[in-house]
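**Student:** Okay, here's the prediction I keep looking at, along with the sequence it came from:
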Amino acid sequence: MSDKSKNKRSLAAGRRELKELVETCDAISERKFNPFFLDVKLGVETLRQFFPLWETFGDHCMDAHTLNRLSEVVRLQNTQLKFQSSALYVDPEFIIRKVEHMSEKRLVEVLLQSWHPLAELEQLTEQTVTDALNYWDALLPIAERWKKRELIEGKPPSATNVDTLTGLGIHGEEFNKQIAKLLDELRDACKTSKFADYWNFIRGSNYQETVRRAYFVSFLITYGFAKLHAEDNKLSLTPIDQPTGKAAPNSVSFPIPIPRSN
Amino acid sequence: MENKEATQTQAFYSDKLKRAMHLLLFRRGKIPGAKEWELKEKVGKNFEQVLEQLNQLLSELDLEIKKVRERAPAYATQDRTATDETRYCITLKGTLGLKEAKMIGWRIDNLAALAATVAYLLSKQGKAPREDLEKLLSNKFGRWKSITLVDIFLRTGYLEEDDAGVTSLGWRTQSEIDLKALMTRMAEVKL
């Protein structure tokens, strides 16, 4: 019983080893390794060692396949030796180093000294006509192609909805609360003097806060809750006692850049 | 009488020369040039003598006829392989200068990459995985450019790629590049 299980284990190990051997041979065929990376003699010994254990037809097929792959490696080793003894043999590492260090111009010069381009006259052939027809068949009508280009240029202006505006923070209860709070602050600031200095009023604890307050103030001005005075390069704000709550018809844009130093 | 025969021979060859020239120069399929069996069929059994005479004429124009041995297809029978393997084409006898190379539509960096590619593949016995080739080129020309360059060389026939992603030297490299001269020049370059 123990001999039987030992044999089974060996059989499994044999199958695994043959599979690995075939994979290595395949990698060598695909030029991933040097053909001399594999010890062919050891490979044949492995085959010989496991041959008496094979049970199924598949095992024998695998054995024959492995032998075939090993013979391919021997052929590649032969080619490698012939190549190394030829005038073309150069170590790949040597070429890699040369390519890395040579300038593009020098590489081109090397190629040009050994390059003899083909002379031919191009003409319509069966192949070129077939290629042209395939291209023509796959080509979209001009109207379709222009349509695609229009899409790339960007979406045309369209109407938005309340949810989008609320999501952007420029609509909804929270927004109205912020506006009302700022209006109260402005009224408080103008209790002692008629005007509140614009820059002092919008100044927050940091730059982001300053920009946020300036953004809300612009709404107060646009919708007639406050008035902006620009005199002698000085900007000031005053609250309006009876606000209209609507944008003034003759209002003009007055952009105010906010430098980070403020 | 002798003169008449000589004239007849001359006319006979002149006609054959024209036919051979047309076959070699005008592209009929994907690859330019003519196969040996085509020349035998259209020019005659003595096509080699005709080509020799044509070669003499072409050499005055800095052109020459080149005999290229193609890789035989796997399905070729033993009988057909011998004739199918050989192709004749016309190539430049001398070499091009840097400016001329630019004028025939080649970018300098593409030619530099071609030199590196051919030299590297030759050092690997003419075959290497595509990733290895792209890695070599990406060190010099950048990652994305290296992919494009390999694609260009595959499209123009300087390289071939099999299903396993192994690249090898294509028909055009065999026809156009003097491989021994290239490797000698590479070895001669001082770093």
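**Tutor:** The structure has been received and is ready for your questions.

**Student:** give the contact list for residue A:86.
**Tutor:** Contacts for residue A:86 (C-beta atoms under 8 Å, 6 or more residues apart in numbering or on different chains) come out as none. In this view, the C-beta of every residue, glycine as well, is placed from N, C-alpha and C.

**Student:** Spell out the secondary structure type for it.
**Tutor:** Counting by DSSP: H, G, I helix; E, B strand; the rest coil, the backbone at residue A:86 sits in coil.

**Student:** all helices for chain A, in order.
**Tutor:** Using DSSP state H, the helices found in chain A span residues A:2-29, A:40-50, A:57-84, A:92-101, A:104-112, A:126-138, A:142-153, A:162-168, A:173-189, A:198-202, A:207-222.

**Student:** Please work out which of the ones you listed is packed deepest.
**Tutor:** Between the helices of chain A, helix A:104-112 has the highest mean count of neighbours, a mean of 20, where neighbours are mean count of other C-beta atoms under 10 Å in any protein chain shown.

**Student:** Report the mean per-residue pLDDT for that helix.
**Tutor:** On average, the pLDDT along helix A:104-112 is 92.

**Student:** Same question for stretch B:99-119.
**Tutor:** Stretch B:99-119 shows a mean pLDDT of 90.

**Student:** what's the span of that stretch from first residue to last?
**Tutor:** 23 Å (C-alpha to C-alpha, to the nearest Å).

**Student:** Any residue of it touching chain A?
**Tutor:** Yes. Stretch B:99-119 lies within reach of chain A by C-beta under 8 Å from any C-beta of the partner chain, at B:101, B:104, B:108-109, B:111-116, B:118-119.

**Student:** Just flag the most distant two among those residues.
**Tutor:** Greatest spacing in the residues of stretch B:99-119 next to chain A, by C-beta to C-beta: B:104 and B:119 (21.6 Å).

**Student:** neighbour count winner among these two?
**Tutor:** Using other C-beta atoms under 10 Å in any protein chain shown, the more surrounded residue of residue B:104 and residue B:119 is residue B:119, with 27 against 8.

**Student:** buried sites along the helix or strand harbouring that one?
**Tutor:** In this structure, residue B:119 sits in helix B:108-123 according to DSSP states H and E. Buried positions in helix B:108-123, judged by neighbour count with 16 or more other C-beta atoms under 10 Å in any protein chain shown: B:109-123.

**Student:** For residue A:56, see how far away the residue nearest to residue B:185 when sequence neighbours are not counted is.
**Tutor:** Distances taken as C-beta to C-beta, 6 or more residues apart in numbering or on different chains place residue A:110 nearest to residue B:185, at 4.5 Å, with adjacent residues excluded. Counting by C-beta to C-beta, to the nearest Å, the gap from residue A:110 to residue A:56 is 57 Å.

**Student:** ok so, going back, would you single out the least confident of the helices of chain A?
**Tutor:** helix A:142-153 (a mean of 65).

**Student:** Between the two ends of stretch A:137-146, how far is it?
**Tutor:** Stretch A:137-146 end-to-end distance (C-alpha to C-alpha) = 18 Å.

**Student:** so after the lowest-mean-pLDDT helix or strand in chain B, what's the next helix or strand?
**Tutor:** The helix or strand of chain B with the poorest confidence is helix B:78-84; it has a mean of 45 (mean pLDDT, DSSP states H and E). Moving toward the C-terminus from helix B:78-84, the next helix or strand (DSSP H and E) is strand B:86-92.

**Student:** Let me know the pLDDT of residue A:51.
**Tutor:** For residue A:51, pLDDT reads 90.

**Student:** again, but for residue B:55
**Tutor:** 92.

**Student:** Which strand or helix spans it?
**Tutor:** helix B:47-59.

**Student:** Please identify the buried residues of the helix or strand following that helix?
**Tutor:** Downstream of helix B:47-59, the next assigned helix or strand under DSSP H and E is strand B:63-69. Across strand B:63-69, burial judged by 16+ other C-beta under 10 Å covers B:63-66, B:68.

**Student:** The helix holding residue B:55: how far from the chain's middle?
**Tutor:** Relative to the mean C-alpha coordinate of its chain, helix B:47-59 is positioned 18 Å out (C-alpha atoms, centre = their mean, to the nearest Å).

**Student:** quick one, that helix and strand B:86-92 angle?
**Tutor:** 10 degrees (axes from the mean of the first three to the mean of the last three C-alpha atoms, to 10 degrees).

**Student:** okay, the angle between helix B:47-59 and strand B:63-69?
**Tutor:** 140 degrees.

**Student:** what helices or strands is helix B:47-59 leaning on?
**Tutor:** For helix B:47-59, the elements it packs on are helix B:2-25, helix B:36-42, strand B:63-69, judged by 3 or more C-beta pairs under 8 Å, 6 or more residues apart in numbering or on different chains; DSSP states H and E.

**Student:** May I see the ones you listed organised as TSV, with distance to chain A and mean pLDDT added?
**Tutor:** Formatted as TSV, the helices and strands packed on helix B:47-59 follow (distance: least, C-beta to the nearest C-beta, whole Å; pLDDT from 0 to 100):
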stretch	distance to chain A	mean pLDDT
helix B:2-25	5	72
helix B:36-42	14	91
strand B:63-69	6	90
